[in-house]
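Visitor: dropping a prediction and its sequence here:
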Amino acid sequence: MIPLEEARRAVLAACASLEPVTVSLAEAAGCITADDLQALEDVPPFENSAVDGYAVRAGDTSTVPVELDVAGTIAAGAPPSIPVEPGGAVKIMTGAPLPPGAEAVVMVEDTDPLDGGHRVRITATVQHGDAVRHVGDDVHRGDLLFPAGTEVRPAVLGVLASVGHLRVRVVPKVRVGVLSTGDELIEDGAPLAPGQIRESNRTMLLAAVAQAGCIPVDLGLVADDEAELTRVLHDAATRCDAVVTSGGVSMGEFDVVKAVLDRVAEMQWMQIAIKPAKPFAFGLLARDERPVPVFGLPGNPVSSLVSFELLARPALRQMMGHSGTSLDRAKVVAVADEGVRRRPDGKVHWDRVHGEFGPDGRLHVRSTGPQGSHQLAATAAANGLARVPDGDGIAPGGDVDVWLLT
């Protein structure tokens, strides 16, 4: 068996980032920027009101209450065509440009309209610049907004739109083909015949691929037919950036998946010192532009999901430009309320747990139930994977490293 860290190094070393592409802002969401991005414009581009109220000369409010003549109204989007004269005011909406002569804005809560809105009583003193948004208050033209390697989250999109970036260069999302194989699998809802089971891994892994930020491609359910599986894999290599399979990766096991992958790809068959998910395969399908990584996950559903989280997911995210801690799930040191029992076996165990934050501000975790590699229902209740080192386990109340699944 090899340590998980060694297997991860081998996989990550073979999964380089995709070549950047230029896309619209809408297409950039969730991607990683390929270039430094500067502000193309000042934000805001003109002085404007931060509140609904009245634009005034600050000195006219030095003694309050005071009554001022209202020369008109400026709405957001309107030109600042009505000047503020001494002893006067202009009604103004949030975001509207500050009119000539105005030095501050009195919020509407500190005013009383008079004479049908032609005059206003000011009940609070304001200083020069109060409730005024100045040019470049947010960003100045030429400022570095986001360095290369920034994830385009919703707020990032908003900032880029605000300065006129309509298209950006990003590392594209990885198209990941997912397939299931086996004569025993059915997915049409028909009654089970002896020896049959319902397909679940592909359904689960397509969702896991999407949650990782990739574009899932359903390659379907393939029977135990070497010619058909070969055709599906060659087709996948032409339209996918990576492929995920499950089953047929155990040492010494003859399986159609193993036989075909050995023929069409350069494969590494690994036994990793973890439980579940000890067997794992990784290789590269040949393609003219660049090879296509293939992740061979175990067939047991819990093992398949854990293997995806620990090995395939970080590699796929690296292909999309992620790096460092963003490759993996967020990690936290939690409290094992019930402790974790285990026996030494030379492996690191990854137990499925459910955690909630307690009054002490720490995450407290408990087992979700049976930990067998075939028992997916208990895993579905988990929101974390607890890393339990080789040994006798963790005492109740002890610290445990947890990878958060949400």
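Guide: Received it, and whenever you're ready, just let me know what you need. Residues are numbered from 1 along each chain as shown.
Visitor: can you tell me what sits against the longest helix along the chain?
Guide: The residue-count maximum for a helix in the chain (DSSP state H) belongs to helix 226-239. For helix 226-239, contacts defined as CB atoms under 8 Å, 6 or more residues apart in numbering pick out 175, 177, 179, 181, 217, 219-220, 222, 243, 256-257, 259-261, 263-265, 285-287, 292, 294. From N, CA and C alone the C-beta is placed, and that goes for glycine too.
Visitor: buried stuff in that helix?
Guide: L229, T230, V232, L233, A236, A237 (16 or more other CB atoms under 10 Å).
Visitor: from those, pick the one nearest H354.
Guide: Of all the buried residues of helix 226-239, A236 has the smallest distance to H354: 35.6 Å, by CB to CB.
Visitor: which stretches of this protein have low pLDDT?
Guide: Across the chain, the ranges flagged by pLDDT under 70 are 250-254.
Visitor: re earlier: any idea which of the buried residues of helix 226-239 is closest to G59?
Guide: Nearest member of these to G59, counting by CB to CB, is A236, at 73.8 Å.
Visitor: counting by contacts, list what the helix or strand hosting L12 packs against.
Guide: According to DSSP states H and E, L12 maps onto helix 4-13. Contacts defined by 3 or more CB pairs under 8 Å, 6 or more residues apart in numbering; DSSP states H and E place helix 4-13 against strand 279-285, helix 313-319.
Visitor: distance of D225 from G182?
Guide: D225 is 11 Å from G182, where distance means CB to CB, to the nearest Å.
Visitor: which one of these two has more residues nearby?
Guide: Per other CB atoms under 10 Å, whichever of D225 and G182 has more neighbours is G182, with 21 against 14.
Visitor: now the strands for the stretch 101-250 of the chain?
Guide: For the stretch 101-250 of the chain, the strands defined by DSSP state E, counting those that start in this stretch cover 104-107, 111-114, 119-122, 132-133, 144-146, 167-171, 175-181, 185-186, 197-198, 215-222, 242-246.
Visitor: which strands and helices sit next to the fourth one?
Guide: Just to be clear, that refers to strand 132-133. Against strand 132-133 (3+ CB pairs under 8 Å, 6+ apart) you get strand 48-49.
Visitor: ok, and what's touching the strand it packs on?
Guide: So strand 48-49 is contacted by 55, 76, 92-98, 105, 131-133 (CB under 8 Å, 6+ apart).
Visitor: compare these and tell me which is most surrounded.
Guide: In terms of neighbour count, I92 stands highest of these at 32 neighbours, by other CB under 10 Å.
Visitor: residues touching that one, list them.
Guide: I92 makes contact with S49, D52, G53, Y54, A55, T73, I74, L98, P99, A102, V105, according to CB under 8 Å, 6+ apart.
Visitor: give me the number of residues near the second one?
Guide: Going back to what we said before, that points to D52. By the criterion of other CB under 10 Å, D52 has 18 neighbours.
Visitor: please name the nearest non-neighbouring residue to it.
Guide: Distances taken as CB to CB, 6 or more residues apart in numbering place V108 nearest to D52, at 4.8 Å, with adjacent residues excluded.
Visitor: before we move on, the earlier item: and the helices and strands packed on helix 4-13: which comes nearest R153?
Guide: Nearest of the helices and strands packed on helix 4-13 (CB to CB): helix 313-319, 14.8 Å.
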